[in-house]
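Q: here you go, sequence then predicted model.
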Amino acid sequence: MNLLNVENVSKTYMERAVLDGVTIGINDTDKIGVVGTNGTGKSTLLGIAAGDITPDKGNVVKGNSLRISYLPQNPVFDMTRSLLENVTDTIYAGGDHWDKMGEIKANLIKFGIDDPECSPSILSGGQKKRAALVAAIMTPSDLLILDEPTNHLDSEMIEWLEDYLKRYKGAILMVTHDRYFLDEVTNQIVEIDKGKAYRYEANYSGFLELKQQRLDYEMAAERKAATLYRKDLAWILRGARARSTKQKAHIARFEALRDRERPEEERQVQLSSLPSRMGNKTIILDNISKKYDGKVLFHDFSYTFNKLDRIGIIGPNGCGKSTFLKVIVGALTPDSGSVETGQTIQIGYFSQENEVLDESARVIDYIRDTAEFIRTEDGLISASAMCERFLFTPEMQYARIGKLSGGEKRRLYLLKILMTAPNVIILDEPTNDLDIQTLRVLEDYLDSFAGIIITVSHDRYFLDRVVTRVFSFEPDGTIFRSEGGYSDYRLHKGISDKADRQEASKSSGGKGGSGAGGKNGTNAGDAADTQEKKKGKYRAPREKTKLSYSEQKEYDNIESEIEKLEARSAELETLMAGAATDFPRLMELSKEKDEVDAEIERKMERFIELQEMVDSFSVSYDRFT
């Protein structure tokens, strides 16, 4: 049953079109994950569907009885009321009048809010987001809209939410960068790319394969259009005469091909740098301990980092992971023990919260303040070139930082850290607010990074992908060490997986296609000439001054035949777009389109051949008159 339709909506922010004619229907069994690069309009789409944002164009059509529960990216609280009052007001406003106070308090405590009666003003951004999540999932709804629900959740909370959403009876529309979470919860993916929406009937792993097929098709279609354009260009350059309706139509087609919108190769963040030299002495932790508000976070911990360590740090929220990183970088002093750092150690610290950014500063100036150039495997690269590698176009580089989305600011902050050419990278929750595309390339960069990596993360996929040793913070203040990634840690701790964790980043290789082409026929004239030569009767043929009867008939009809084929090709393309999720039908239509396009190409070659003959006759006539 259809619940809601987003119809042809467009939205522009600061002269930047983030959504352009997007249409999406949501049915009662849909569990949709929205993906795309930071700043492409994912949160905007969710806000429009929830009725929180008004589109510039288009409409949202929904039933009068539809109940929507919405978790925005940045929840807003009434600071004059307690946190508990804020949450209960939201839940009861959703139509639930049962007394759920006990369950609400229990869920707030489960999600790390020890004092539900506190003022929201004393809470961190992560605590506010978790409280708003409790309100969203407890509000009665037919459609649950969640913007980054896994941010600021530890692994145990994420797995609880994952199970809850898998059992949820209504429809779900959500944005998250947690790839395991997308695989487990969703049955459809909507990708926002350059203002357009592409829908895939699959979870995240299936989306990767289907998207590659879409890109392969778009590039194949572009190659065919480019071939037709080159042939039309050759005809135009030979001096096409606009003396007939057919030739005018041919010129119009040439201009349409010339001005066509070409598919862009998918841009990816490109990370490349050479770390600073590292001496024999790295970072040595000697029996360090730390308490906070009387609670022991960690105690008597010793470790000497190896030059190529990849350490993942996990544990529940508030257990001291970020404090541990701050002790390592020297921002905090341990209560006991010591931290020794080698003289050659250069740390790049990507903290959980961005440093304070000057919203009025330009993007390029923010990076140039760190370094004008960085030495990479490709040689010296300028700050501007590095910005482009991080998807900041020349126009964006001279824009003010205040115009960037939250995710784009995180990407900019990450670039600044890497511009310092560190030999130790410390990442505190790097997967918060970074899009999947950026995370995938960051993971590739970390694979080849010739230095130490220390990361705090609750993203199970990221940990499995990057780290080779896990430090787990235990309730008694000890730190449990486990070799391997997150899945290995679960095995070592005796924690059974609830589902097989498959790597979601598998890519599908493009399959070669086949195209039909005309065969060269036997030239009867050549055969006759050979026989004449053998008989000694060979005479030079008279110069041809006009088309034969059959050639003239072919010339008169060929453009209309091409037009019919082109109309059928366009019709097939429309049918293919409508059958994007019906692969047997899609393959059938694609095969026919390949055959039609090949026939267009063959007839275009023949048309040009005939046109050259006609043009040569005109020249000969002009010469003798």
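A: That came through, no problem. Here the structure is a predicted model, which is why all the values come from computation and not from measurement.

Q: please enumerate the strands of the stretch 401-550 of the chain.
A: 424-428, 452-456, 469-473, 479-483 (DSSP state E, counting those that start in this stretch).

Q: format those as CSV; extra columns: mean pLDDT and mean neighbour count.
A: Backbone N, C-alpha and C define where each C-beta goes, glycine included. What follows is these, written out as CSV (pLDDT from 0 to 100; neighbours: other C-beta atoms under 10 Å):
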stretch, mean pLDDT, mean neighbour count
strand 424-428, 95, 24
strand 452-456, 96, 23
strand 469-473, 95, 21
strand 479-483, 94, 15
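
Q: nearest to Pro72, out of those?
A: Closest approach to Pro72 among the strands of the stretch 401-550 of the chain (C-beta to C-beta): strand 424-428, 23.6 Å.

Q: so what are the sheet partners of the closest one and their directions?
A: Here strand 424-428 is paired, per DSSP bridges, with strand 347-350 (parallel), strand 452-456 (parallel).

Q: what helix or strand is the nearest residue to Glu554 once chain neighbours are set aside located in?
A: Leaving aside its sequence neighbours, Glu554 sits nearest to Leu610 (C-beta to C-beta, 6 or more residues apart in numbering; 6.7 Å). Following DSSP states H and E, one finds Leu610 within helix 583-624.

Q: likewise Tyr555?
A: helix 549-578.

Q: just to revisit the earlier point, and Val296, which of the strands paired with strand 424-428 is closest to it?
A: Here strand 452-456 is closest among the strands paired with strand 424-428 (C-beta to C-beta), at 18.6 Å.

Q: and the angle for the closest one with strand 469-473?
A: For strand 452-456 against strand 469-473, the angle by axes from the mean of the first three to the mean of the last three C-alpha atoms, to 10 degrees is 40 degrees.

Q: could you tell me whether Gly39 really is in a strand?
A: No - counting by DSSP: H, G, I helix; E, B strand; the rest coil, one finds Gly39 to be coil, located in no strand.

Q: dump stretch 462-475 to PDB, keeping only the CA atoms.
A: The C-alpha trace of stretch 462-475 is given here as PDB (Å, rounded to 0.1, in the frame of the first residue of the first chain):
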ATOM      1  CA  PHE A 462      35.300   0.200   9.000                       C
ATOM      2  CA  LEU A 463      37.000  -1.800  11.800                       C
ATOM      3  CA  ASP A 464      37.000  -5.000   9.800                       C
ATOM      4  CA  ARG A 465      38.300  -3.200   6.800                       C
ATOM      5  CA  VAL A 466      41.100  -1.200   8.400                       C
ATOM      6  CA  VAL A 467      42.500  -2.600  11.700                       C
ATOM      7  CA  THR A 468      44.600  -5.600  12.600                       C
ATOM      8  CA  ARG A 469      44.400  -5.300  16.400                       C
ATOM      9  CA  VAL A 470      41.500  -4.300  18.700                       C
ATOM     10  CA  PHE A 471      41.700  -2.700  22.100                       C
ATOM     11  CA  SER A 472      38.400  -3.200  24.000                       C
ATOM     12  CA  PHE A 473      37.600  -1.100  27.000                       C
ATOM     13  CA  GLU A 474      36.200  -3.300  29.700                       C
ATOM     14  CA  PRO A 475      33.900  -2.300  32.600                       C
END
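
Q: my read: Gly41 touches Thr12, true?
A: No - contact criterion C-beta atoms under 8 Å: Gly41 and Thr12 do not qualify, at 10.0 Å.

Q: which residues are common contacts for the two?
A: Jointly contacting Gly41 and Thr12 under the rule C-beta atoms under 8 Å, 6 or more residues apart in numbering are Val18.

Q: these two: which has the busier surroundings?
A: Shown here are Gly41 and Thr12; by other C-beta atoms under 10 Å, Gly41 has more neighbours (30 against 16).
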